[in-house]
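Visitor: Here is the input, now give the coordinates:
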Amino acid sequence: MSVKVSRFYRYINTTPTSSASPTYARLGEGMSSLTPSLNGNIEEKQYINSDVPKKTRTSYGKQWAFSADYDPTDPAQEYLYSLAEKTEADVSTYLIELYCDDASKKTFTAKKYPVIVDISNDGGLEGGGVVSMEGTIHATGEAETGTFDITTNTFTAA
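Guide: Model prediction:
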């Protein structure tokens, strides 16, 4: 049985510097790809008694590469677009990741990642086309497990 991509929900906090509650917007509309990568860090050691080096995974560096047709009316895309040419202090936020296994449910087990956003292309232009946007969202720490309510867009830590 295959799993539909549309069942994976990802939300980004679009008001990370606000003292009020986070405002999460769903990533999806206009996005043609959002590709996660674990990026395992592998340590390699060669010992004198072995012909083959020993390899150990020491950590992960999770990230999500994305491509989108820029839509300024979409809150998630407008936020991402606003991060072009900004530095780390301005691009730190949170990403929520969950799998919607039952469309009738409203609350799901989720992971909340601290992230920074790197916009690598803030306006690709092609004749007859639409403005495109590309970038990478980088996890900067461990994920926090909890639940996410998709009707109120609120995360509750476990």
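Visitor: what helix or strand is residue 59 on?
Guide: Assigned by DSSP states H and E, residue 59 belongs to strand 54-60.
Visitor: Equivalent analysis for residue 146, please.
Guide: Per DSSP H and E: strand 144-149 holds residue 146.
Visitor: Tell me where the longest strand sits in this structure.
Guide: strand 107-124 (DSSP state E).
Visitor: May I have it exported as PDB, CA atoms only?
Guide: C-alpha atoms of strand 107-124 as PDB (Å, rounded to 0.1, in the frame of the first residue of the first chain):
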ATOM      1  CA  THR A 107      -5.200  16.100  16.700                       C
ATOM      2  CA  PHE A 108      -2.100  14.200  15.700                       C
ATOM      3  CA  THR A 109       1.200  13.100  17.100                       C
ATOM      4  CA  ALA A 110       3.700  15.600  15.900                       C
ATOM      5  CA  LYS A 111       7.400  16.700  16.100                       C
ATOM      6  CA  LYS A 112       8.400  20.300  16.600                       C
ATOM      7  CA  TYR A 113      11.800  21.200  15.300                       C
ATOM      8  CA  PRO A 114      13.800  24.400  16.000                       C
ATOM      9  CA  VAL A 115      14.900  25.500  12.500                       C
ATOM     10  CA  ILE A 116      16.600  28.200  10.400                       C
ATOM     11  CA  VAL A 117      15.500  29.000   6.900                       C
ATOM     12  CA  ASP A 118      17.900  29.600   4.000                       C
ATOM     13  CA  ILE A 119      16.300  31.100   0.900                       C
ATOM     14  CA  SER A 120      18.600  30.200  -2.000                       C
ATOM     15  CA  ASN A 121      16.400  31.600  -4.800                       C
ATOM     16  CA  ASP A 122      13.900  34.400  -4.000                       C
ATOM     17  CA  GLY A 123      12.500  35.000  -7.400                       C
ATOM     18  CA  GLY A 124      13.400  32.800 -10.300                       C
END
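Visitor: Please consider this matter closed, and thank you.
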